[in-house]
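Asker: predicted model and sequence follow; I will ask about them next.
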Amino acid sequence: MLVLGIHNNTRIFDLAIYMPILHGKLGKILLWSIVVLILFFLAIPLFVVFPISLSASSYLEFPPKSLSSQWYANYFSSHAWISATILSFKVALMVMAVASIIGTTAAFGLNRGRFRWKGGVFVLILSPMIIPTIVISVGIYSFFAKLGLIENYWGLVLGHSILATPFVFINVFAALQGFDRTLEKASASLGANPIRTFYYITFPLIRPGVFVGALFAFLVSFDELVISMWISGSRHTLPVQMWMDVRLEINPTLAAVSSLLIGLSILTFFSAEAVRRRTERKYG
């Protein structure tokens, strides 16, 4: 025991010596090196996909021997690709609206409500993020087939909304956790009704959470493959069209579409960050 105590004290002493180094310049260099390595590891697919999309070869080639924009031109001139993209945008925009309304309402109800089994309801709302998508897809297909929603626009919207709503819910719920409710009480004491209070006080302060949740809902719908394969039928969304292209004909057009999707995701995240910073500057 004495030896073990001396050994532990020695380790603590060694940590005490090296802690200032870790907090100093060397520690910052080490930290940033780790961060850069992690980011590089996560971004490797981006560095591969974009050069392939500019390849002049008729097959996937990395690194490309010569450059060409023909595969982007092939995408924009293809009726199948464009119709799939338009359908994905239509579905994703509607899903963004539906999921935002349902997710925001659920977040308010769970945050402000006082009832039993609150934790169970919270887990139930988040269950689409936990349960494998293929399991959800089987249930959705069986239920929607009876309602005639297979190969139907609204079937896609409702199916995608089931997956997208938890992303809105968790962002709005987090925003409400840090919300000062005395502001609402002050508004009510000055004669404002609940609707005016929500519009002028509550919503501006939680807007980043709602907006970020809506953007996540859009991306979840736009990128969804499994549910779309079960419901879309002959009306292919963009992910389904990409899957069909992988199975039947692999060419760099797929890399061009992937590059555009990556650009859309980056633009979405920058938009969310811009809204967050603008709200912080405006409301402190």
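Answerer: Sure thing, it's come through.

Asker: every contact and neighbour count from this point should use C-alpha atoms.
Answerer: Fine.

Asker: okay, and for the chain, where does confidence drop off?
Answerer: Within the chain, the stretches falling below the threshold (pLDDT under 70) are 1-24, 180, 279-280, 282-284.

Asker: show me the strands in it, by range?
Answerer: For the chain, strands defined by DSSP state E do not occur.

Asker: can you give the domain ranges for it?
Answerer: Domain ranges of the chain: 2-53, 74-283, per automatic domain parsing.

Asker: of those, flag the one that's most buried.
Answerer: Each of these was given a mean neighbour count from mean count of other C-alpha atoms under 10 Å, and the largest, a mean of 18, is that of domain 74-283.

Asker: quick one: contacts for the residue nearest the centre of the chain?
Answerer: Taking C-alpha atoms, centre = their mean as the criterion, F216 is the residue nearest the geometric centre of the chain, at 3.7 Å. Under the criterion of C-alpha atoms under 8 Å, 6 or more residues apart in numbering, the contact list for F216 reads A164, F167, V168.

Asker: these into CSV, with extra columns for distance to L126?
Answerer: Listed next are the contacts of F216 as CSV, based on distance: C-alpha to C-alpha, whole Å:
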residue, distance to L126
A164, 10
F167, 8
V168, 10
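
Asker: looking at these, spot the one nearest S88.
Answerer: Out of those, the one with the shortest distance to S88 is A164. That distance is 14.2 Å, counting by C-alpha to C-alpha.

Asker: unless I'm mixing things up, that closest one is touching A217, no?
Answerer: Yes - with contact defined as C-alpha atoms under 8 Å, A164 reaches A217; the gap is 4.6 Å.

Asker: report the set of residues contacting both of these two.
Answerer: Where contact means C-alpha under 8 Å, 6+ apart, the residues bridging A164 and A217 through contact with each are V95, M96, A99.

Asker: need those residues in CSV with distance to P128, can you?
Answerer: Converted to CSV, the shared contacts of A164 and A217 look like this (distance: C-alpha to C-alpha, whole Å):
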residue, distance to P128
V95, 15
M96, 16
A99, 13
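
Asker: which ones among the residues you listed are found in helices?
Answerer: Where the shared contacts of A164 and A217 overlap with helices, as defined by DSSP state H, the overlap consists of V95, M96, A99.

Asker: circling back to that earlier point, quick one: closest of the domains of the chain to Y59.
Answerer: domain 74-283 (4.9 Å).

Asker: just give me how far that closest one sits from the chain centre.
Answerer: Relative to its chain's centre, domain 74-283 lies at 8 Å (C-alpha atoms, centre = their mean, to the nearest Å).

Asker: hmm, who's touching stretch 162-180?
Answerer: Contacts with stretch 162-180, where a contact means C-alpha under 8 Å, 6+ apart, come from 95-96, 99-100, 102-104, 106-108, 111, 125-126, 128-129, 205-206, 208-210, 212-214, 216-218, 220-221.

Asker: helices of the stretch 1-150 of the chain, start to end?
Answerer: Assigned by DSSP state H, counting those that start in this stretch, the helices in the stretch 1-150 of the chain fall at 2-23, 25-53, 70-77, 79-112, 118-130, 133-147.

Asker: among those helices, which is nearest V246?
Answerer: V246 lies closest to helix 79-112 among these, at 13.3 Å (C-alpha to C-alpha).
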